[in-house]
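> need a 3D model of the following:
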Amino acid sequence: MSVPAPAPGAPAAPAVAPPLLAGTALILAALNRLEARVAARLDTLDRRLAIVANQSRGAGASLPFQEVLLADGTLPSQPVPGARNALPPLTDLDSIRNLAAVPAGIYVREYGLVPAGVNLPAVGQRRVMIAHYIGCTVPL
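Sure thing, here's the model as predicted:
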């Protein structure tokens, strides 16, 4: 493909130096890596703050539990297209006690409490694990 010649008397278009483009690409890649690291640390901080808040809420009866981010940084109450449906909210001790087997299994997997490929514990144990993880201090 040929580039048309500039009109007579028009200034020539400045050429972009290839090293400048390569340097810009390197800087952009470094900024993208930095952004991912900052986002991961903010997710960790958000998760920890919610857990600490939940530890002061007893059974969550008067003040509901805060939602704790999943390991991938998403909120359990929000569906992830192509991955999972929204999970039931864990607002108090009763919501954990009434958690069905399948959502409890998804919670323990998505919180990273039981790795993929490892058999899930009984549903009662899943509920205990979830309650402990999100900061519930009242025994089930």
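
> so where is this protein shaky, pLDDT-wise?
Per-residue confidence for the chain (pLDDT under 70) gives these ranges: 1-7, 10-18, 20.

> any idea which helix or strand carries the closest residue to Tyr111 other than its chain neighbours?
Residue nearest to Tyr111 in three dimensions, not counting chain neighbours: Tyr133, with 5.4 Å by Cβ to Cβ, 6 or more residues apart in numbering. C-beta coordinates here come from the backbone N, C-alpha and C atoms, glycine included. Secondary structure from DSSP states H and E places Tyr133 in helix 123-134.

> does anything pack onto the lengthiest helix in the chain? Which helices or strands?
Counting by DSSP state H, the longest helix found in the chain is helix 18-55. Applying 3 or more Cβ pairs under 8 Å, 6 or more residues apart in numbering; DSSP states H and E, we find helix 18-55 packed against helix 123-134.

> chain neighbours aside, what residue packs nearest to Pro88?
Distance criterion Cβ to Cβ, 6+ apart; nearest residue to Pro88, sequence neighbours excluded, is Pro103 at 5.5 Å.

> any idea how far the nearest residue in space to Ala104 that is not next to it in sequence lies from Asp43?
Nearest residue to Ala104, sequence neighbours excluded (Cβ to Cβ, 6+ apart): Arg126, at 4.0 Å. As for Arg126, its distance to Asp43 is 23 Å (criterion: Cβ to Cβ, to the nearest Å).

> neighbour count: these two, which is higher?
Neighbour totals were compared for Arg126 and Asp43, and Arg126 leads with 23 against 16 (other Cβ atoms under 10 Å).
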